[in-house]
Structures are given as structure tokens and as C-alpha cells.
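**Q** below is the sequence, then the predicted model.
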Amino acid sequence: MASDEARPGLAPGSRGIAGTLFAALHGELTPRPDRLPDTDRDPCIQFHDRARAMGWLDSLWGMNDAGREHPLAGPSLVSWFQVGVDPVSGDRPLPVQPFLRCAGDVTARLGALELRTAQVLVPAQSLDVSARPQHARMPSLSTAAWFDDVASPTPVHVTVDSGQHPAVPTAAHRIRHWLGELPQNVFRCGELSERAPLAPPLPDALWDGPPRHRVTFEGRLSEWSLDAVGWLGGFLADLAAREGAGVPLLLTVSRSTGSPAS
């Protein structure tokens, strides 16, 4: 399977899916000096092997594709990953955090990443909040304390886009309210802003694209890491589904630099 071509659809033998997780990591990559120049282990093979080693393959997702280049991406793209998510039990969030952890591990095998922007397609439509008891509507909150012992607050722009569906703007103020009220310190939300994020290297057919209906939250992430971005993705999916915005969501998290990400 070529690593530079997007091929929607699960690999043969994979189980039925509840939705698609897609991630694009943007920034600068300093290649590893110890990486063998003639290796045939591309990001797709590496992601498959890493997910299998960690017990995530075929338990949280089914492998699809990954690569360095993408026909829809600009020059800032470092790596991208796409999987089909297995149905999620009612007491767990979408596995965005382990997905980005796996993506980060694979990228680290390529070199040192200076991450500027992470884009993640989050299939919030796969969450059945009606099946959750009232006290468990936000299962992502049960792991928020993982980040409580770090003190590296980083200004970020967090854009949530529901594509051609107006769900996110409709629920934006309720989502912002709960970002401040729910017991988590991973993302401290500030003001809403107008911001046009990077165009995603994402085929419209994978969600309700192209991007159109969005909201951007200014705020601070507890640390600038894919781990924190992944937790935030699962949390926002829980929150959006709870607030009636249970549709495929494109999450773009960019480190604030005073100018648009590139």
C-alpha cells in the first residue's frame, strides 16, 4: 500500500466501524540521524505494528492508511493517519488520545517533531449519549486528572468545524459554558474568536465536508503535547454529542504564535 495516497476503507478482515478517525500533524520534522536510509517501513506499516503492540489494533480501531505526503496537503504536513473506529462502549470516550499517542510514536521514529498544528477528524456521531446514565454523560472526565501534575500552560486556538452541518455554531455557547464549568484543567477556555484554520488534507466524503460551520475557542492547554490534544478531542466529542452536535467534527488545535498557522 503506497503511503502517500489516501485510500478510504478498512483493510481486509477488519470489523465494522462506527466512524473514521483521521489525524494530520503539521510543523517541522528533523530527521533521525540513525534511521536507515533504505528501510521499507513506512508510516502505515509502523502505525499498524505500534497499534498492534499496544493492544489497540482491532480492539479500538481497524487499520486503514497513513503516510508522510498527502495529495490534499500543503508543505507543513509532517504525517497523517486514518483508521476506522470500532463501536465505543457507553462508559468510554472515543479513543482519540491513544490514536494520537500512536501517531506521535510513529512520527518520532521518523524524527523530532516541532508540532505547530494538529488536525483530527472526530466521529462524534458514533456516540450514543442516550444510552449513558446521567452521571456518566462525559466519560472523558474520568481521566482529566492525568494532566493535573504538570504546569506548562500553552496558549492555543481550538477550532471545531461541523462541515456543512450547522451543529457546532448552534451549540457553541453551550459548549463554551461547559468548558468552563466541568471539572477539568486540561483546557481552560477563553474568548470565542474568528479564525480560518489550515485547510485539512481530508476528503469531503469522509465527513460532511468541506469545512464551513465552525467556532474557535482561544484558551490554554495544560501542556503542548499530542497526549493533551488527544484528551481534548475525546472530551469535545463527548460534549458535542451531549449538546446535540453529534456529527463528524474536524478539530484543529494550533499553538498560538500571534499569526495564523502555516
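**A** Nice, I can see it. Numbering: from 1, shown residues only.
**Q** going forward, measure contacts and count neighbours with C-alpha atoms only.
**A** OK.
**Q** after the helix-or-strand element of the chain with minimal mean pLDDT comes which helix or strand?
**A** Between all helices and strands in the chain, the lowest mean by mean pLDDT, DSSP states H and E belongs to strand 61-67, at a mean of 90. Remark: after strand 61-67, the chain's next helix or strand is strand 77-85, criterion DSSP states H and E.
**Q** can you dump the C-alpha atoms of the next helix or strand after that following strand in CSV for me?
**A** Past strand 77-85, further along toward the C-terminus, the next helix or strand under DSSP H and E is helix 96-110. What follows is helix 96-110, C-alpha atoms only, in CSV (Å, rounded to 0.1, in the frame of the first residue of the first chain):
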residue,chain,number,x,y,z
VAL,A,96,-8.7,9.9,20.3
GLN,A,97,-6.0,10.0,23.0
PRO,A,98,-4.4,6.6,22.2
PHE,A,99,-4.9,7.3,18.4
LEU,A,100,-2.7,10.4,18.7
ARG,A,101,-0.3,8.7,21.0
CYS,A,102,0.2,6.1,18.4
ALA,A,103,0.6,8.7,15.7
GLY,A,104,3.1,10.5,17.8
ASP,A,105,5.1,7.4,18.4
VAL,A,106,5.3,6.6,14.7
THR,A,107,6.3,10.2,13.8
ALA,A,108,9.1,10.0,16.5
ARG,A,109,10.5,7.1,14.6
LEU,A,110,10.9,9.4,11.6
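**Q** buried set for the helix or strand that helix 96-110 is followed by?
**A** The helix or strand immediately downstream of helix 96-110 is strand 111-123, counting by DSSP H and E. Across strand 111-123, burial judged by 16 or more other Cα atoms under 10 Å covers 111, 113, 115, 116, 117, 118, 119, 120, 121, 122, 123.
**Q** show me what the least confident helix or strand of the chain is packed against.
**A** Counting contacts by 3 or more Cα pairs under 8 Å, 6 or more residues apart in numbering; DSSP states H and E, strand 61-67 packs against helix 43-53, strand 77-85.
**Q** and if we set it to 10 Å?
**A** strand 19-31, helix 43-53, strand 77-85, helix 96-110 (3 or more Cα pairs under 10 Å, 6 or more residues apart in numbering; DSSP states H and E).
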